[in-house]
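In: heads up, no residue letters with this:
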């Protein structure tokens, strides 16, 4: 029989399906609403300052002509609003990009589709995957649970997949952890989080969609706490433990966080929601994970940001280069609030100060508050979740990388979506405003032979091929030195505004950019994905640096996304420009300036695949010569094995 000893005292609920819930409120929900309106006036000004694409108006501490990259004609797909399946169920949009008008599906063949499957990113053997759930380290194993459809390569019939690893790179698939088999989760076992208790036992809180489509919070725990693989899970027999409180919509109450300890010795969680168009994070305290007390106020709220889902809350050290356990608070500690915005499908974060006494959090800089400022990733990346890795004293970030091709292509290849390479996450002590994200050190174990290119001079308007072997599984580290005289002589402009997404991409020439690398490019540059910097100089002489990824020429196919992604990246005095790029078939993860700005792209070339994939340096600036030094490693494949008894 399953051990439920961590769940004492047992609730007196009779286990019926009456949605009355077991949470008590210190005050009625109208108090929450009144607090919300108070926050509204404070946040509205900040929301108006900077809405919408995450480009923050920083000034670096540094005090349209078409070039050679535009020589080929490419089709550009018009991205229409995706067909919704998820929204009808009250969860974020989970369908892939779809395309309309006169654009036919590309005639993908099996060779092309087989090439798209990744070699060292985690993904199931087949079918659909989305949000990472409940990651943790337990008895020598890293555990990843994830949203999974075992029946098809499209979203639907969501249950929890489960895999384990010794090193976050090589994985063993386990049986499904939780099926949609109870009235309180019959319409989906949705996103949740794990908490490790004082005695080492584990509890899991997750959102279930009831038979009536109401979002409720449920409790589960391992059937055998001594099993390091945690193969079997038991749902608490009197679920749900939380239901939407008065004033919150039945489809606006989801994704409980990992719990943290308060100064009173209680466990505290936050749950995403909204009031009208204001995104909010509700706060609950509990002693036993069965009975809950709803706090008077909100952890935080930001007007105009819409539904907050997959909320995350965790501490970061202002002084140390290691992660912090989730309950840590005190001097030298900041707290991060992150929300996945249902309205635009991006993950936003902000750094601020947490008040343990009343369960509230205030951003350090309201003009870059949650949902209106910084993002984890400026490409295709969503529903991210961190966990504290007590094994290596670090905080590790997982994120879902969706597809951006046609759904028909996914059905044909039989799978959709992957997880990002796990990232270590730290407070950026130099800027004081950003987090740093970097691939976990274990990924370096996949490096095979490397090749160095030192002091390669790239003249303005030139493309330089790099002589390497296969270019579909790579780890690239590159540093660029800028001619300081050229920066000094460059003419400033009173209108130095620039935006990666609305620019002409890497083919649009400026005095100080673009320059960087072309990856997944064929020899004739008919297909190419530039990862690059673009610098602007204002009339006051101040420089701004942007980090971008241009998919507009990534594929000859018409049924794939070809957006240009990116954002401003702070560059401090004395720093050279640096990039790390992980190329894994159809995924490119790019880290600018040590991970201050990160971009993940899905690309689907038709020609730049297998041995035809190449790497180039390029400089499409008009007034700037650049010197680059690189090291490029071929990457081995990870071992991702099926469970032996499946």
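Out: Cool, the structure landed. Since we're looking at a predicted model, the values are computed, not measured. Numbers count the residues shown, from 1 in each chain.
In: what about the closest residue to residue 282 other than its chain neighbours, distance to residue 464?
Out: Excluding its sequence neighbours, the residue lying closest to residue 282 (Cβ to Cβ, 6 or more residues apart in numbering) is residue 271, at 4.8 Å. (C-beta placed from N, C-alpha, C; glycine too.) Going from residue 271 to residue 464 by Cβ to Cβ, to the nearest Å gives 52 Å.
In: Pick out whichever of these two has more residues nearby.
Out: Each of residue 271 and residue 464 has its neighbours counted (other Cβ atoms under 10 Å); residue 271 has more, 28 against 17.
In: Can you verify my assumption that the more buried one contacts residue 256?
Out: Yes. Contact criterion Cβ atoms under 8 Å: residue 271 and residue 256 qualify, at 5.2 Å.
In: joint contacts of those two?
Out: Here residue 271 and residue 256 have 217, 242 as joint contacts, going by Cβ atoms under 8 Å, 6 or more residues apart in numbering.
In: mind checking how far stretch 138-149 is from the chain centre?
Out: With Cα atoms, centre = their mean, to the nearest Å as the basis, stretch 138-149 stands 17 Å off its chain's centre.
In: let me redo that: stretch 606-614
Out: 27 Å.
In: same check, this time on stretch 577-592
Out: Counting by Cα atoms, centre = their mean, stretch 577-592 comes out at 15 Å from the chain centroid.
In: Likewise for stretch 312-328?
Out: That offset, for stretch 312-328, works out to 19 Å (Cα atoms, centre = their mean).
In: and if you look at stretch 209-225?
Out: The answer for stretch 209-225 is 24 Å, by Cα atoms, centre = their mean.
In: got the end-to-end distance for that stretch?
Out: 27 Å (Cα to Cα, to the nearest Å).
In: average model confidence for that stretch?
Out: Across stretch 209-225, pLDDT averages out at 97.
In: for stretch 437-445, same thing?
Out: Here the average pLDDT along stretch 437-445 is 98.
In: do stretch 636-644 as well
Out: The model assigns stretch 636-644 a mean pLDDT of 92.
In: now do stretch 516-533
Out: pLDDT averaged over stretch 516-533 gives 97.
In: so how far is the first residue of that stretch from its last?
Out: End-to-end distance (Cα to Cα), stretch 516-533: 6 Å.
In: one step back: what's the following helix or strand after the strand or helix carrying the residue nearest to residue 282?
Out: Assignment of secondary structure by DSSP states H and E places residue 271 within strand 267-275. Next in sequence after strand 267-275, counting helices and strands by DSSP H and E, comes strand 278-286.
In: Got the domain ranges for this protein?
Out: Here the domain assignment for the chain is 130-404+415-437, 447-633, based on the TED database.
In: Worst mean pLDDT among the ones you listed?
Out: Among the domains of the chain, domain 447-633 scores lowest, at a mean of 93.
In: what about that domain, start to end distance?
Out: Start-to-end, domain 447-633 (Cα to Cα) is 6 Å.
In: what's the distance between that domain and the middle of its chain?
Out: 21 Å.
In: wait, what's in contact with the spatially closest residue to residue 357 that is not a sequence neighbour?
Out: Using Cβ to Cβ, 6+ apart and skipping the chain neighbours, the partner closest in space to residue 357 is residue 263 (7.4 Å). Residue 263 makes contact with 329, 356-357, according to Cβ under 8 Å, 6+ apart.
In: How about the secondary structure of residue 263?
Out: coil (DSSP: H, G, I helix; E, B strand; the rest coil).
In: for it, phi and psi?
Out: Main-chain torsions, residue 263, degrees, to the nearest 10: phi -70, psi -20.
In: measure it to residue 549 for me?
Out: Taken as Cβ to Cβ, the span from residue 263 to residue 549 is 44 Å.
In: what's the burial count for the closest residue to residue 200 other than its chain neighbours?
Out: Taking Cβ to Cβ, 6+ apart, and ignoring the residues beside it in sequence, residue 200 has residue 225 as its nearest neighbour in space, at 7.8 Å. By other Cβ under 10 Å, the residues close to residue 225 number 18.
In: Residue 225 and residue 203 touch, don't they?
Out: No. Contact criterion Cβ under 8 Å: residue 225 and residue 203 do not qualify, at 10.7 Å.
In: Between the domains of the chain, which one is closest to residue 644.
Out: Proximity to residue 644, assessed across the domains of the chain by Cβ to Cβ, is greatest for domain 130-404+415-437 (8.8 Å).
In: Quote the end-to-end distance of the closest one.
Out: Domain 130-404+415-437: ends 21 Å apart by Cα to Cα.
In: So what's the gap between it and the chain middle?
Out: That offset, for domain 130-404+415-437, works out to 12 Å (Cα atoms, centre = their mean).
In: what's the strand or helix carrying residue 193 in contact with?
Out: Per DSSP H and E: residue 193 is located in strand 189-196. With contact meaning Cβ under 8 Å, 6+ apart, strand 189-196 is reached by 91, 131, 133-136, 138, 143, 145, 147, 158-160, 178-180, 202-209, 215, 218, 254-259, 267, 269, 289, 309-310, 383, 385, 387.
In: measure the closest residue to residue 244 other than its chain neighbours to residue 533 for me?
Out: The shortest distance from residue 244 to any non-neighbouring residue, by Cβ to Cβ, 6+ apart, is to residue 253 (4.1 Å). Separation of residue 253 from residue 533 (Cβ to Cβ) stands at 42 Å.
In: now swap in residue 514 and tell me
Out: Residue 514 is 7 Å from residue 533, by Cβ to Cβ.
In: Give me the more crowded residue out of the two.
Out: Per other Cβ under 10 Å, whichever of residue 514 and residue 533 has more neighbours is residue 514, with 28 against 25.
In: Buried residues in the helix or strand hosting that one, which are they?
Out: Using DSSP H and E, residue 514 falls within strand 512-521. Neighbour-count burial for strand 512-521 flags 512-521 (criterion: 16 or more other Cβ atoms under 10 Å).
In: Stretch 277-295 now?
Out: 278-286, 288-295.
In: Ok, stretch 449-462 next?
Out: 453, 458, 460, 462.
In: is the closest residue in space to the first one that isn't next to it in sequence in a bridge, and if so with what?
Out: Right, residue 453. Leaving aside its sequence neighbours, residue 453 sits nearest to residue 630 (Cβ to Cβ, 6+ apart; 4.6 Å). Beta bridges link residue 630 to residue 453, residue 478 when assigned by DSSP bridges.
In: re the thing from before, ok, now which ones touch the residue nearest to residue 282?
Out: Residue 271 sits in contact with 217, 242, 253-257, 281-282, 284, 311, where contact means Cβ under 8 Å, 6+ apart.
In: What is the nearest of these to residue 322?
Out: residue 257 (21.2 Å).
In: number of nearby residues for that closest one?
Out: Residues near residue 257, counting by other Cβ under 10 Å: 26.
In: how close does it sit to residue 527?
Out: 41 Å.
In: And for residue 301?
Out: Taking Cβ to Cβ, one finds residue 301 at 45 Å from residue 527.
In: Likewise for residue 350?
Out: Residue 350 is 37 Å from residue 527, by Cβ to Cβ.
In: what's the answer for residue 276, then?
Out: In terms of Cβ to Cβ, residue 276 sits 45 Å off from residue 527.
In: All the strands of the stretch 151-300 of the chain, residue numbers only.
Out: 159-165, 171-178, 189-196, 202-209, 215-222, 233-235, 260-261, 267-275, 278-286, 292-302 (DSSP state E, counting those that start in this stretch).
In: Distance to residue 615 for those - can I get that in TSV?
Out: As requested, the strands of the stretch 151-300 of the chain are exported to TSV (distance: least, Cβ to Cβ, whole Å):
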stretch	distance to residue 615
strand 159-165	29
strand 171-178	28
strand 189-196	37
strand 202-209	42
strand 215-222	46
strand 233-235	45
strand 260-261	44
strand 267-275	41
strand 278-286	41
strand 292-302	41
